[in-house]
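Novice: Pasting the sequence and the predicted model now:
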Amino acid sequence: MEILFADDHLAQYPHEILRGFCPCAVCQGHQGPIRFIPGGNTQLADIAEVGDYALRLTWADGHSTGIYTFKFLRELCSCPECEKADPTAQQFRRS
């Protein structure tokens, strides 16, 4: 999946990363840092806007409870350009 942000940054996200970092309470619990959870179907079935601040991703297995804010998605981008721009920013990695 690709997202073109307002600052013209084109972020590319492998489906495995998006599914693994699903921010919903089912995947992540109700507190603590977001971590990579392997597994689940990584075929994207639908994308829906949530207001003007997020996307709801629906996976082929029906999982659709994750609300991916644009802020979170930008933080999830781990391209060299993003890492170089702010090396102190939180970077999400697969464990």
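Specialist: Happy to help now that I have it. Residues are numbered from 1 along each chain as shown.

Novice: ok but Arg74 is inside a helix, no?
Specialist: Yes. Assessed with DSSP: H, G, I helix; E, B strand; the rest coil, Arg74 lies in a helix.

Novice: Next, work out how far apart it and Glu81 are.
Specialist: For Arg74, the distance to Glu81 equals 12 Å [C-beta to C-beta, to the nearest Å]. (Glycine included, C-beta is placed from N, CA and C.)

Novice: Just the element for Glu81, please.
Specialist: Element membership for Glu81 (DSSP states H and E) is helix 80-85.

Novice: same check, this time on Ile3
Specialist: Counting by DSSP H and E, Ile3 is part of strand 2-4.

Novice: how about the helices of this protein, start to end?
Specialist: Remark: helices assigned in the chain by DSSP state H are 15-20, 25-28, 70-76, 80-85.

Novice: closest to Asp46 out of the ones you listed?
Specialist: Taking C-beta to C-beta as the criterion, Asp46 comes closest to helix 15-20 out of the helices of the chain, the separation being 12.8 Å.

Novice: Touching that closest one from outside, list them.
Specialist: 1, 36-38, 40-44, 57, 59, 63, 68, 76, 94 (C-beta atoms under 8 Å, 6 or more residues apart in numbering).

Novice: Would you mind listing where the chain has pLDDT under the threshold?
Specialist: For the chain, applying pLDDT under 70 flags the ranges 86-95.

Novice: switch to 50 and redo it
Specialist: By pLDDT under 50, the weakly predicted segments of the chain are 95.

Novice: re earlier: of Arg74 and Glu81, give the one with the bigger neighbour count.
Specialist: Neighbour count, other C-beta atoms under 10 Å: between Arg74 and Glu81, Arg74 has more, with 15 against 11.

Novice: which one is that one nearest to, not counting chain neighbours?
Specialist: Spatial nearest neighbour of Arg74, chain neighbours left out: Phe5 (6.4 Å); criterion: C-beta to C-beta, 6 or more residues apart in numbering.

Novice: Quick check: bridge partners of Ala48?
Specialist: Arg56 (DSSP bridges).

Novice: so how far is Ile67 from it?
Specialist: 10 Å.

Novice: what's the overlap in contacts for those two?
Specialist: With C-beta under 8 Å, 6+ apart, Ala48 and Ile67 have common neighbours Leu55, Arg56.
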